[in-house]
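Asker: sharing a sequence plus its predicted fold:
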Protein chains: 2
Amino acid sequence: MTKYKLILSYDGTNYSGWQVQPNGVSIQEKLEEAFLILLKEKVNVIGSGRTDAGVHALNQVAHFTFDGPLDCRKITFALNGLLPLDIRIQALLKADPDFHAQHSAKGKCYYYYLNLDSVKSPFFGPFSWHISRNLDLSAMKAAAKILVGTHDFTSFSNQQHLGACKKDPIRTLFRLDFVDWAYGIRLEFEGDGFLYKMVRNIVGTLQEVGTGKLKVEDIPLILEAKDRQRAGHAAPPQGLFLAYVIY
Amino acid sequence: MTKYKLILSYDGTNYSGWQVQPNGVSIQEKLEEAFLILLKEKVNVIGSGRTDAGVHALNQVAHFTFDGPLDCRKITFALNGLLPLDIRIQALLKADPDFHAQHSAKGKCYYYYLNLDSVKSPFFGPFSWHISRNLDLSAMKAAAKILVGTHDFTSFSNQQHLGACKKDPIRTLFRLDFVDWAYGIRLEFEGDGFLYKMVRNIVGTLQEVGTGKLKVEDIPLILEAKDRQRAGHAAPPQGLFLAYVIY
């Protein structure tokens, strides 16, 4: 068996997320369907992690094993021919036998796009969160600074329902940067791992700091509380992009 | 009667173009429908010019007259509530009585987005022309340089069918710049006016120079020939944006 690594982009607008699930069409399912047609075989595609319904990816990484050699260039071309236009294979590469898209990952980077123009852009509506109120960006930056580093991020995660599968809630956020883009601010989150809905919960909390509903001084208390109820609402999925995975 | 000026953006993907026409839904029609609901009156919205089916606008300008004062901020908000999300009013302003969106225009700027990555972007597919072949950009720039200035652009226009309405084919292209963007090159055309399909015909011709099908030396001959058959194919509409109108 040979191991292969896929790098792919997708517009998540019309999907129920990365992972195959009973209701809705997932990215993983579309990939496995394309492989079945192409290789006449059920291929199990393992992603670096899930993305939720409506979340996008610039460079999601996945792996699969296949018994036999593949012409990576031809397969990339053929997969892109079979896949819908909102899912694009950027590269297919032979991988080390012990490579695992999820377990080998040392970190990830997510982008979250805030559209801060008074009128929502007709082009970036499905790819950003439009906030027409004035936000106090310096307060948001001060709050973000507190979140960078190693913390118990329980208050920013929706993991309660996972019960026994509950993961260690300690994570390290390497950076949380505010970068200008044409219609607002892009928040860049780079960390060694992210809990379920952690990025969206942080963005929603920062937005509440920006509107004055929460204060910068509330952030250490929210972290300390280890209680999801204490943080802000989750930001909507359409502004979130999995930018890249670090190996 | 008071004159008003509208500045609006739209994603042209799902429209038959700016102008009302028997088949398909136009941007102008959607605007006039929204005004009818809002002002209980048929308002005739005059644009700075047509955009074709599938062409987008960042800042299209239009004017209309209305008998009575309008609260511009409230009307903008209400129009955006009535219009589909792919058409957005950026501003509504009171205009001089002699302002005319088309006749007062001193020039226009169009952007054309080329996506030059090997794989088409899932995000910019509907907003760019994907060309996976290597293009000779320096040849394209040399060809573009020849087109800047005042010329008879008949060879780059599809006006033959307009018969008696045929316009003066002399136009001045102030600049034709190549600007890098995330996934390729944006061509910026600024000129005192553009003939029907002129931008798309120039882009298609430049692409043929880029692939080697046409040579830089062909450009003066194409201009001189005043024959649409001599220039390259029209580039597809989805890469074209009306960026702004100069008054």
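Answerer: Here it is on my side, so go on.
Asker: so the residue of chain A most remote from its centre: helix, strand or coil?
Answerer: Distance from the C-alpha centroid of chain A, by Cα atoms, centre = their mean, peaks at A:G68 (31.8 Å). Under DSSP: H, G, I helix; E, B strand; the rest coil, the three-state class of A:G68 is coil.
Asker: also A:P122?
Answerer: coil.
Asker: circling back: and the residue farthest from the centre of chain A, what does it touch?
Answerer: Residues in contact with A:G68 (Cβ atoms under 8 Å, 6 or more residues apart in numbering or on different chains) are A:T2. C-beta coordinates here come from the backbone N, C-alpha and C atoms, glycine included.
Asker: now do it against chain B, distance only.
Answerer: Using Cβ to the nearest Cβ, to the nearest Å, A:G68 is found at 24 Å from chain B.
Asker: just A:S9 next, same as before
Answerer: 5 Å.
Asker: part of a helix, is that residue?
Answerer: No: secondary structure of A:S9 (three-state DSSP): strand, not part of a helix.
Asker: bridged to it, which residues?
Answerer: Here A:S9 sits in beta bridges with A:R88, going by DSSP bridges.
Asker: hmm, it is touching A:D86, no?
Answerer: No: A:S9 lies out of contact with A:D86 (Cβ atoms under 8 Å); the separation is 9.1 Å.
Asker: looking at these two, which is more packed in?
Answerer: For A:S9 versus A:D86, neighbours defined as other Cβ atoms under 10 Å in any protein chain shown are more numerous around A:S9 (22 against 19).
Asker: contacting residues around that one?
Answerer: A:H56, A:A57, A:L58, A:N59, A:Q60, A:I87, A:R88, A:Q90, B:V119, B:S121, B:P122, B:F123.
Asker: dihedrals phi and psi, the first one?
Answerer: To tie it back to what came earlier, the one meant is A:H56. phi -100, psi 170 (degrees, to the nearest 10).
Asker: ok so, going back, what's the farthest-apart pair in the contacts of A:S9?
Answerer: Maximum pairwise distance among the contacts of A:S9 (Cβ to Cβ): 15.5 Å, between A:H56 and B:V119.
Asker: tell me which of those two has more neighbours.
Answerer: Counted by other Cβ under 10 Å, A:H56 and B:V119 do not tie: A:H56 has more neighbours, with 26 against 19.
Asker: tell me what that one is bridged to.
Answerer: A:F241.
Asker: per-residue confidence at it?
Answerer: On pLDDT, A:H56 comes in at 97.
Asker: now do A:H161
Answerer: So A:H161 comes in at 52 (pLDDT).
Asker: can you list the residues of chain A near chain B?
Answerer: A:9-11, A:56, A:76, A:80, A:85-90, A:119-123, A:125, A:127 (Cβ under 8 Å from any Cβ of the partner chain).
Asker: do that again at 10 Å, thanks
Answerer: Residues of chain A lying close to chain B by Cβ under 10 Å from any Cβ of the partner chain are A:7-13, A:56-58, A:73, A:76-77, A:80, A:83-91, A:117-127, A:130, A:132, A:241.
Asker: the residues you listed, buried ones only, as a ChimeraX selection?
Answerer: In ChimeraX syntax, the buried subset of the residues of chain A next to chain B is picked out as below (16 or more other Cβ atoms under 10 Å in any protein chain shown):
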select /A:7,8,9,10,11,12,13,56,57,58,76,80,83,86,87,88,89,90,117,119,120,121,122,123,124,125,126,127,130,241
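Asker: strands along chain A, start to end?
Answerer: A:2-10, A:46-47, A:56-66, A:87-94, A:107-115, A:129-130, A:149-152, A:170-181, A:184-191, A:240-246 (DSSP state E).
Asker: and stretch A:168-179, what's its mean pLDDT?
Answerer: The average of the pLDDT scores along stretch A:168-179 is 96.
Asker: may I have it as CSV, with CA atoms only?
Answerer: Extracted C-alpha coordinates of stretch A:168-179, given in CSV (Å, rounded to 0.1, in the frame of the first residue of the first chain):
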residue,chain,number,x,y,z
ASP,A,168,-7.4,17.9,26.7
PRO,A,169,-8.5,21.6,26.6
ILE,A,170,-5.0,23.1,26.9
ARG,A,171,-3.9,24.7,23.6
THR,A,172,-1.2,27.1,22.5
LEU,A,173,-2.2,30.0,20.3
PHE,A,174,1.1,31.1,18.6
ARG,A,175,-0.4,34.2,17.2
LEU,A,176,-3.6,36.1,16.6
ASP,A,177,-3.0,38.8,14.1
PHE,A,178,-5.2,41.6,12.7
VAL,A,179,-4.4,42.1,9.0
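Asker: mind listing what's buried along that stretch?
Answerer: Of all the residues in stretch A:168-179, those buried under the rule 16+ other Cβ under 10 Å are A:P169, A:R171, A:L173, A:L176.
Asker: quick one: stretch A:6-22 to chain centroid distance?
Answerer: Between the centre of stretch A:6-22 and the centre of its chain there are 11 Å (Cα atoms, centre = their mean, to the nearest Å).
Asker: sorry, wrong one. I was asking about stretch A:27-34.
Answerer: Using Cα atoms, centre = their mean, the distance between the centre of stretch A:27-34 and that of its chain works out at 18 Å.
Asker: send over that stretch as PDB, restricted to the C-alpha atoms.
Answerer: The C-alpha trace of stretch A:27-34 is given here as PDB (Å, rounded to 0.1, in the frame of the first residue of the first chain):
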ATOM      1  CA  ILE A  27     -16.500  17.400   1.100                       C
ATOM      2  CA  GLN A  28     -15.100  14.000   2.200                       C
ATOM      3  CA  GLU A  29     -18.000  12.300   0.500                       C
ATOM      4  CA  LYS A  30     -17.500  14.200  -2.800                       C
ATOM      5  CA  LEU A  31     -13.800  13.200  -2.800                       C
ATOM      6  CA  GLU A  32     -14.500   9.600  -2.000                       C
ATOM      7  CA  GLU A  33     -17.200   9.500  -4.800                       C
ATOM      8  CA  ALA A  34     -14.600  10.900  -7.300                       C
END
